[in-house]
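>>> Sequence and predicted model, in that order:
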Number of protein chains: 2
Amino acid sequence: MRVGLDVGGSKTDAVAVAPDGAILARVRRATGWGPDAVTQTIVEAVAELAAAAGAAPGDAVSIGIGTPGQVVDGATVTHAVNLGVERLDLAAAITPVFGVPVRVENDVKAAARGAYALHGGDGTVAYLNLGTGVAAGFVRDGRLWRGARGTAGEVGHISIDPAGPLCRCGQRGCIEVFAGGGAIAERWGRGGALPVRDVFDAADAGDAEATGLRAGLAFGVAAAVRLLVLTVDVDAVVLGGGVSALGDRMLSLVVAELEAGAVASAFVRSLALAERVELLPAGSPAAALGAALIGSDAVPVEQEAVAHG
Amino acid sequence: MRVGLDVGGSKTDAVAVAPDGAILARVRRATGWGPDAVTQTIVEAVAELAAAAGAAPGDAVSIGIGTPGQVVDGATVTHAVNLGVERLDLAAAITPVFGVPVRVENDVKAAARGAYALHGGDGTVAYLNLGTGVAAGFVRDGRLWRGARGTAGEVGHISIDPAGPLCRCGQRGCIEVFAGGGAIAERWGRGGALPVRDVFDAADAGDAEATGLRAGLAFGVAAAVRLLVLTVDVDAVVLGGGVSALGDRMLSLVVAELEAGAVASAFVRSLALAERVELLPAGSPAAALGAALIGSDAVPVEQEAVAHG
């Protein structure tokens, strides 16, 4: 059994994964605030998960943890503002509790690894996370592409319009300022728990500003899909993250934008972009699953085989 | 001895490479027109090269050939309009002549492999070819990244300005329409053997249109560098191709554009883009060298060791 957790700002998602990749059990619980409470949340989630899987926590051969923020050396989380964590060595905090190896990974990268597995586990897949911000992760032949200095997949801050709105990063017309939930909420400026959904609803009702913001979202996501294919040439771009909860309401607009681009250009048409974009299934535990798979990368195969007879 | 050739529209560049990567000899000759003449050019270049290296052509353990156009199965060139070749199985044409394995590769990809070796041969390097068109190749740990369907590195057709000029591909504001030698020549519209150089000269003399085109070139190249780092996160972006013959006249503008972006954004500043961009040394045989290295990938190491005692 390999354990994976996706520690989010509001809740923590945990899965137990069999050697064949099947999900044996899944639990979700509220995430505590600050280093101690985050650690406690993980410990309790692992214990609850083991019980749900009919096993002891020590039966886990590895624990993988996906978190927001930056991750150093596969062990330490830094700048995870949504968790109230400035710096926390999660590997050092969790390993002694269960006596199993712990590996920590950025949550978008973990979700990319999980999306790759859910997509079928072959070829090259980009996971495009549409949350407050926009970022991508790449997986090829089961391995994450991390880049030279850790900025691989930071496609949210590629400018696609020099006359576009100012992004919080200081550039104009970044993909994120069009397609990021945070930027859309700020430009919409009317509060609400689900501002992007509100924008879609208002656009459906004919509001001109909302219609513009919604078109901008499709423009930004389509640009991201196009550049992921034209740069890395991935087999598939899997859309996930909070904004992707809009499901087909969003995907249909992105596909329409990609198809409009294909009408204008034989070259773009040859890329078959609309066929390469898909949504992560709603409610799928991509990040927790990916964390489990990344966690077990550090464990020799024979060790797992022995542990499970 | 590994032989590599870069078969260009006007001339063919050939190098003999020692097992340690050193260039033993280099010859250049005019490229013939059409399938038979192109084949003959290669045969003569290999013979001349072997003589220059003090060896027989059959001493080569492998022959790698970089060509424009598309390459199928590492053997056949298609759509190489600059060579007058619609389809030519170069591996089948050349292998029997010298009795050594032949491998064919797209010239930008071959140049990427060579640029990687010239850069020092480690990490991840993007080669950005600024020729008539704009395209990139990636090499990581000595291996070319080809992508899922062969469009990896087609960054020339990523739009960076929805209000930009129409590109020959049908999209607006592509990187290539700003930074491609063909598009610049067309927009300049005054003929000349070296239109991009003419544009730079006219801009130096105060011509407003030329100044705009020159600024567009810097805008396009800087955007390509930025997106190569933000997507793939390469250690270095090496600029080559015909337009790069402008050398520091071009590089200084690109660096200034990247530095202006860094002033506006702490995030962009953290990427240290200006430090990651460099020019391929003028006159360097990057594509021929890369072709030689790619050609020898197919040859077992021990075979080469035996051949060279």
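That came through fine.

>>> and the residue of the stretch 201-309 of chain A found nearest chain B, which of the three is it?
When distances are taken as CB to the nearest CB, the stretch 201-309 of chain A reaches nearest to chain B at residue A:233, 2.5 Å away. C-beta coordinates here come from the backbone N, C-alpha and C atoms, glycine included. Following DSSP: H, G, I helix; E, B strand; the rest coil, we place residue A:233 in the coil state.

>>> what's near enough to touch the residue nearest to it when sequence neighbours are not counted?
In this structure, residue A:233 finds its nearest non-sequential neighbour in residue B:147, 2.5 Å apart by CB to CB, 6 or more residues apart in numbering or on different chains. Neighbour list for residue B:147: A:124, A:232, A:233, A:234, B:153 [criterion: CB atoms under 8 Å, 6 or more residues apart in numbering or on different chains].

>>> Do I have it right that the second one meets residue B:152?
Yes: in this structure, residue A:232 is within contact of residue B:152 by CB atoms under 8 Å, at 6.1 Å.

>>> Common neighbours of the two, please.
Common contact partners of residue A:232 and residue B:152 (CB under 8 Å, 6+ apart): residue B:145.

>>> count of residues packed around the nearest residue to residue A:128 once chain neighbours are set aside?
With sequence-adjacent residues excluded and distances taken as CB to CB, 6+ apart, residue A:128 is closest to residue A:136, at 4.9 Å. By the criterion of other CB atoms under 10 Å in any protein chain shown, residue A:136 has 29 neighbours.

>>> from the middle of its chain, how far away would stretch A:115-127 be?
13 Å (CA atoms, centre = their mean, to the nearest Å).

>>> What parts of the stretch 101-250 of chain A come near chain B?
Proximity of the stretch 101-250 of chain A to chain B, by CB under 8 Å from any CB of the partner chain, involves residues A:123-124, A:136, A:145-155, A:157-163, A:169-171, A:219, A:223, A:226-235.

>>> Would you list the buried entries among the residues you listed?
A:124, A:136, A:145-149, A:151-155, A:157-162, A:169-171, A:219, A:223, A:226-235 (16 or more other CB atoms under 10 Å in any protein chain shown).

>>> returning to what we had before: these two touch, right, the residue nearest to residue A:128 and residue A:155?
Yes: using CB under 8 Å, residue A:136 is in contact with residue A:155, at 5.0 Å.

>>> intersection of neighbour lists for those two?
With contacts taken as CB under 8 Å, 6+ apart, residue A:136 and residue A:155 have A:128, A:224, A:228, B:231 as neighbours in common.

>>> How about the secondary structure of the third one?
Reducing the assignment at residue A:228 to three states with three-state DSSP gives helix.

>>> Contact partners for it?
Contacts here follow CB under 8 Å, 6+ apart; on that basis residue A:228 touches A:126, A:128, A:136, A:155, A:234, A:237, B:231.

>>> hang on, the earlier thing: would you mind measuring from the residue nearest to residue A:233 to residue A:297?
To residue A:297, residue B:147 is 24 Å away according to CB to CB, to the nearest Å.

>>> Please, which helix or strand holds residue A:214?
helix A:208-231 (DSSP states H and E).

>>> Tell me which helix or strand comes right after that helix.
Going down the chain from helix A:208-231, the next helix or strand is strand A:236-240, by DSSP H and E.

>>> Kindly export that following strand (C-alpha atoms) in CSV.
C-alpha atoms of strand A:236-240 as CSV (Å, rounded to 0.1, in the frame of the first residue of the first chain):
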residue,chain,number,x,y,z
ALA,A,236,-2.9,15.4,-24.3
VAL,A,237,-3.6,18.5,-22.2
VAL,A,238,-5.7,17.6,-19.1
LEU,A,239,-7.5,20.5,-17.5
GLY,A,240,-7.9,20.5,-13.7
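
>>> For the stretch 101-250 of chain A, give me the ranges with low pLDDT.
Within the stretch 101-250 of chain A, no stretch has pLDDT under 70.

>>> Can you show me the strands along it?
Applying DSSP state E, counting those that start in this stretch to the stretch 101-250 of chain A gives strands spanning A:102-106, A:124-130, A:134-140, A:143-145, A:236-240.

>>> Please identify the most buried of those.
strand A:124-130 (a mean of 29; mean count of other CB atoms under 10 Å in any protein chain shown).

>>> Where does residue A:50 sit: helix, strand or coil?
helix.

>>> ok, for it, nearest residue in space, not its chain neighbours?
Spatial nearest neighbour of residue A:50, chain neighbours left out: residue A:57 (4.4 Å); criterion: CB to CB, 6+ apart.

>>> Ends of stretch A:260-280, what's the gap?
Its start and end residues considered, stretch A:260-280 measures 23 Å (CA to CA, to the nearest Å).

>>> looking at this, residue A:283 is in a strand?
No: read with three-state DSSP, residue A:283 is coil and lies in no strand.

>>> what are the ranges of the helices in the stretch 51-200 of chain A?
For the stretch 51-200 of chain A, the helices defined by DSSP state H, counting those that start in this stretch cover A:90-98, A:107-119, A:175-179, A:181-188, A:195-204.

>>> do you know which of those helices lies nearest residue B:31?
Comparison of these against residue B:31 by CB to CB identifies helix A:175-179 as nearest, at 41.9 Å.

>>> So which elements touch that closest one?
strand A:134-140, helix A:181-188, helix A:208-231 (3 or more CB pairs under 8 Å, 6 or more residues apart in numbering or on different chains; DSSP states H and E).
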